[in-house]
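Peer 1: Here is a sequence together with a model predicted from it:
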There are 2 protein chains.
Amino acid sequence: MEEFKVPESEIIARKDALQKEIRTNEIDGIFISQRVDQFYFTGTSQNGYLYIPAEGEPLLFIKKYLPRALTESPLKHIIEISSIKDIPGLITDYYGKLPGTMGLEFDVLPVKQFNFYRTIFPALKFVDASASILKTRMIKSSWEIEQMEKTAELSRATFAYAREIIRPELTEMEFSGILDAFSRKHGHGAQLRIRDYQTEGYTWHILSGKSGGMVGLLDSPASGEGTSAAFPCGAGNKLLAADEPIMIDYSAVMNGYHMDETRMFAIGSMPDKALKACRAAIEIHDSVLEKVRPGITTGELFLHAETIAGSLGYAEYFLGPPGYKVSFIGHGVGLELVEQPVIARGRNDRLQPGMVFALEPKMVFLNEFSAGIESVFMVTETGVRLISRVPAEIFIC
Amino acid sequence: MEEFKVPESEIIARKDALQKEIRTNEIDGIFISQRVDQFYFTGTSQNGYLYIPAEGEPLLFIKKYLPRALTESPLKHIIEISSIKDIPGLITDYYGKLPGTMGLEFDVLPVKQFNFYRTIFPALKFVDASASILKTRMIKSSWEIEQMEKTAELSRATFAYAREIIRPELTEMEFSGILDAFSRKHGHGAQLRIRDYQTEGYTWHILSGKSGGMVGLLDSPASGEGTSAAFPCGAGNKLLAADEPIMIDYSAVMNGYHMDETRMFAIGSMPDKALKACRAAIEIHDSVLEKVRPGITTGELFLHAETIAGSLGYAEYFLGPPGYKVSFIGHGVGLELVEQPVIARGRNDRLQPGMVFALEPKMVFLNEFSAGIESVFMVTETGVRLISRVPAEIFIC
């Protein structure tokens, strides 16, 4: 594997973008404790905390392990601490004072931790800075796009490998493990990252035949069977079989950057009803991509997809069965599997160059199967560019 | 796989234990939103919220997907909701009023979510109920021990498989994937669950040779190399080689219940220095197990381990290199990989029958290798019983 390091120019540009954002929101400084946010603004995931003032240099406080943090991060001010309690004094030493208004990651920070922060930073006003952080992370730089293209190549190779090794009598879970073993050999980091504390990220969303017809806990058209009531989603213990539609929704991650792609497979043949639905999903997918350009809202894209699905005769199945439909067809993707914005009903977020999305029009035939496709694309100055390298096809193996 | 369902008697006993606990703490009801806590008290992981009053029947509110929740959970009151905003009215309908003091999972609940709860439950007093929940979960029933024994058998088979397939020229990550594929075929749920929002659970903590000598972000003696600065822990892209110590720290999960075990492997031969350290770790492990009995504190067990490590000449290496030692040798394990209590310096928690622990005395030789062992045991009425089925040996393959 080639050496990976986040360039200093990236770190500076990210800091500048965040500082501009937080000044607009009248936040004097942000205190970051979540791992992905820290990695984004520093280049290191070592155990620590990051302070970014509205103006001036960030201070990275490392509990463990300083030598690696110094190698990984291009930041100038990296300070070893023995306890988080050291931090208020160190900020005061450097800046002469603490910020009046401190931004925190309210969307991930547990109440217990927050209450503790209030004891070590008494008298500060705390506000939610998660929107500023996520808005900054939403626009990917060309360096980030290059990283995602590397992950896309890994994902392409993994889907190609799936075509070689898919066979009846593998359980969904075993098949997922064989894919992960291949992908890990070629650089897959294996741990998907999800921000929401009620959502679990996993690579094994493989739904064969009737597993694809199982609705469940997920905010996703189909949940699959899963391995038990403890984890009732994703691949289960069902055996893959010939002549059934098999949905492979696979997420690879490399150097922190995720891909999230879905293709339909079949062993031997695909039943005609499923084949038509898979083709319709590809048609919806392609039609949405044609609409992508800066300025259009994600809500407009959603409505367009819904209209096409209806015109093709799939309104009943699109995005889930009646009563259990999800209201999105895509989501931002980057250092976390689900980022801002989402391509969802009623959303007014306008596409901007540098946004990267997973687009996933899917259909569920209750108790029968799922059909769908998912690709990752970026918004360019003039329109759209696919990052996905897996052919937008149905794979009959 | 055999059908898995949490028995009604379990659900009732857990509710009773929690209600006794919260009455002691003057909490009138607990509102649960975290998936593992919900599963523990209901038997279902479907997307929902759980209300447990200090007295009376729990109310389970399901957003998605009611048919599966009804099948999975033996609870009597399972109510479909379209929005969390429906819940205060439904609690009031059933109990005639809302609780005066509402307990929440402050250790995992994000501030943003908490602030939202305050708008839908105005005028309630909110307190942290996480200690009551974790204290209830800490004591495993005999049914839970049976579940953990099934996971232990899966883990035993996976370690046996590792002995068959370990070979030079596999990367650490690829090897981890091959183990996961095997384990998933035999029931492994693959997703480890960790409560702390700053900690990531993963199955691929495989540290070969000098990878075992790498300290890093983890609150663990060694972090390994990992795949990049984005995920700088666990297995990396280093190739396994002959004649080096290889630490396999593998966690299997089945029906929600985790095992967490470590064994030292070598291909061909184990260098003498490492072999001696591995034997010392086993000696410490066995000596701690001899001390286990109801009433002893986890702090006493920790000191005993430290004393033995010192007497064997390993004080410098025990639990990490000087300056970066961790201060625990074990932790509770169950529906989450790390549960209460921890076996740590200075802790006064007394062992009680039904507690289940992973015991992991480890040593780090900085920039050289790790040595250690990890087994899961339970506290019985009279002493200790191993749940682990992997022989406490060093595997030279």
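Peer 2: Structure received. Values in this document were obtained by computation on a predicted structure and should not be read as measured data. Numbers count the residues shown, from 1 in each chain, chains lettered A, B, ... in the order given.
Peer 1: any idea which helix or strand comes after the strand or helix carrying residue A:177?
Peer 2: Assigned by DSSP states H and E, residue A:177 belongs to helix A:172-185. Next helix or strand after helix A:172-185 toward the C-terminus (DSSP H and E): strand A:205-208.
Peer 1: what are the pairing partners of that following strand, and which direction each?
Peer 2: Using DSSP bridges, the strands paired with strand A:205-208 are strand A:246-250 (antiparallel).
Peer 1: ok, residues contacting the partner strand?
Peer 2: A:155, A:158-159, A:162, A:166, A:179, A:183, A:203, A:205-209, A:212, A:222, A:240, A:260-267, A:360, A:362, A:369-372, A:374 (Cβ atoms under 8 Å, 6 or more residues apart in numbering or on different chains). C-beta coordinates here come from the backbone N, C-alpha and C atoms, glycine included.
Peer 1: what about the closest residue to residue A:359 other than its chain neighbours, which SS state?
Peer 2: Among residues not flanking residue A:359 along the chain, residue A:330 sits closest, at 4.2 Å (Cβ to Cβ, 6 or more residues apart in numbering or on different chains). Here residue A:330 is recorded as strand under DSSP: H, G, I helix; E, B strand; the rest coil.
Peer 1: Thought residue A:362 was touching residue A:330, still the case?
Peer 2: No - counting by Cβ atoms under 8 Å, residue A:330 stays clear of residue A:362, with 10.7 Å between them.
Peer 1: which residues touch residue A:386?
Peer 2: For residue A:386, the contacting residues are A:289, A:375-377, by Cβ under 8 Å, 6+ apart.
Peer 1: Which of these sits closest to residue B:395?
Peer 2: Nearest to residue B:395, judged by Cβ to Cβ, of those is residue A:376 at 41.9 Å.
Peer 1: what separates the closest one from chain B, distance-wise?
Peer 2: Distance, residue A:376 to chain B, using Cβ to the nearest Cβ, to the nearest Å: 18 Å.
Peer 1: what's residue A:124 in contact with, if anything?
Peer 2: A:98-102.
Peer 1: now, among the residues you listed, which is nearest to chain B?
Peer 2: residue A:102 (12.6 Å; Cβ to the nearest Cβ).
Peer 1: I'd assumed residue A:30 was in contact with that closest one.
Peer 2: Yes - in this structure, residue A:102 is within contact of residue A:30 by Cβ under 8 Å, at 7.3 Å.
Peer 1: For the most centrally placed residue in chain A, give its distance to residue A:202.
Peer 2: Centroid check for chain A by Cα atoms, centre = their mean gives residue A:337 as the closest residue, at 1.4 Å. Distance check for residue A:337 against residue A:202: by Cβ to Cβ, to the nearest Å, it reads 10 Å.
Peer 1: Overlap of the contact sets of these two?
Peer 2: residue A:192.
Peer 1: What residues does the stretch 251-397 of chain A have near chain B?
Peer 2: Neighbours of chain B within the stretch 251-397 of chain A, by Cβ under 8 Å from any Cβ of the partner chain: A:253-257, A:324, A:335.
Peer 1: Take those and lay them out in a markdown table including distance to residue B:294 and pLDDT.
Peer 2: Formatted as a markdown table, those follow (distance: Cβ to Cβ, whole Å; pLDDT from 0 to 100):
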| residue | distance to residue B:294 | pLDDT |
| --- | --- | --- |
| A:253 | 45 | 98 |
| A:254 | 49 | 98 |
| A:255 | 49 | 98 |
| A:256 | 46 | 98 |
| A:257 | 50 | 98 |
| A:324 | 49 | 96 |
| A:335 | 46 | 98 |
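Peer 1: farthest pair in the residues you listed?
Peer 2: Spatial extent of these (Cβ to Cβ) is set by the pair A:255 and A:324 at 36.3 Å.
Peer 1: higher neighbour count, these two?
Peer 2: residue A:255 (21 against 18; other Cβ atoms under 10 Å in any protein chain shown).
Peer 1: What values do phi and psi take at residue A:258?
Peer 2: Note on residue A:258: its backbone torsions stand at phi -90, psi 150 [degrees, to the nearest 10].
Peer 1: what's the burial count for it?
Peer 2: Look at residue A:258: counted by other Cβ under 10 Å, it has 26 neighbours.
Peer 1: So what sits opposite it in the bridge?
Peer 2: residue A:253.
Peer 1: one step back: list the residues that contact the residue nearest to residue A:359.
Peer 2: Contacts of residue A:330 by Cβ under 8 Å, 6+ apart are A:298, A:301, A:342-343, A:357-360.
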